[in-house]
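Enquirer: sequence-free structure coming up:
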């Protein structure tokens, strides 16, 4: 029951924006969480219809990138992403894999392996370093004591490049929709202020 409550809380805080990977009775699901007929389900989008569930085992075995959780009193309003160094449970990574995570960083100097921040920024960091983050229905615990869901790299599993590109586009679009600020969303000025700021750039009739 506690795990169900965890998922519902994360869902209500924005988890439904991201793709979730799940396997059940040999079938593979990759889609977004949603409510349907009063039940929370993973709505499969058919991206991995040609992939056997056994082929996805590497995502769980050595593809874990970190976790998503709901931390309180942070400078960001969204859910939090923690890199592996911030998590209590670490997967058994190969030396090459560990070095790749340690080397992944963004233009602001954030490192993936010990990242702590908005999960949208964390996902962008992963995408920019050629990881393909998707959620797993697998509980993880942060060193802070907070529990959340594991995030894995879908590229850890062997699959056709066309599938990877398609899923990558979907994930990147979901993330960028929240990171790109628009005039309508973030700039609220009245007409007088607008004319003062931008009047010189407007073509006069």
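Expert: Thanks, I have it. Source: prediction; values computed, not measured. Numbers count the residues shown, from 1 in each chain.

Enquirer: does residue 125 count as helix, strand or coil?
Expert: Of the three states, residue 125 takes helix under DSSP: H, G, I helix; E, B strand; the rest coil.

Enquirer: Repeat that for residue 155.
Expert: Following three-state DSSP, residue 155 is assigned to helix.

Enquirer: Tell me how far the closest residue in space to it that isn't next to it in sequence lies from residue 79.
Expert: Leaving aside its sequence neighbours, residue 155 sits nearest to residue 132 (C-beta to C-beta, 6 or more residues apart in numbering; 4.8 Å). Where you see a C-beta, it was placed from the backbone N, CA and C, and this is true even at glycine. Residue 132 sits 19 Å away from residue 79, going by C-beta to C-beta, to the nearest Å.

Enquirer: tell me, what residue is most central in the protein?
Expert: In the chain, the centroid-proximal residue (C-alpha atoms, centre = their mean) is residue 123; its distance is 4.6 Å.

Enquirer: Tell me, how many residues neighbour the residue nearest to that residue when sequence neighbours are not counted?
Expert: Counting by C-beta to C-beta, 6+ apart, the nearest residue to residue 123 once its immediate chain neighbours are dropped is residue 175, at 4.8 Å. Other residues lying near residue 175 total 22 when counted by other C-beta atoms under 10 Å.
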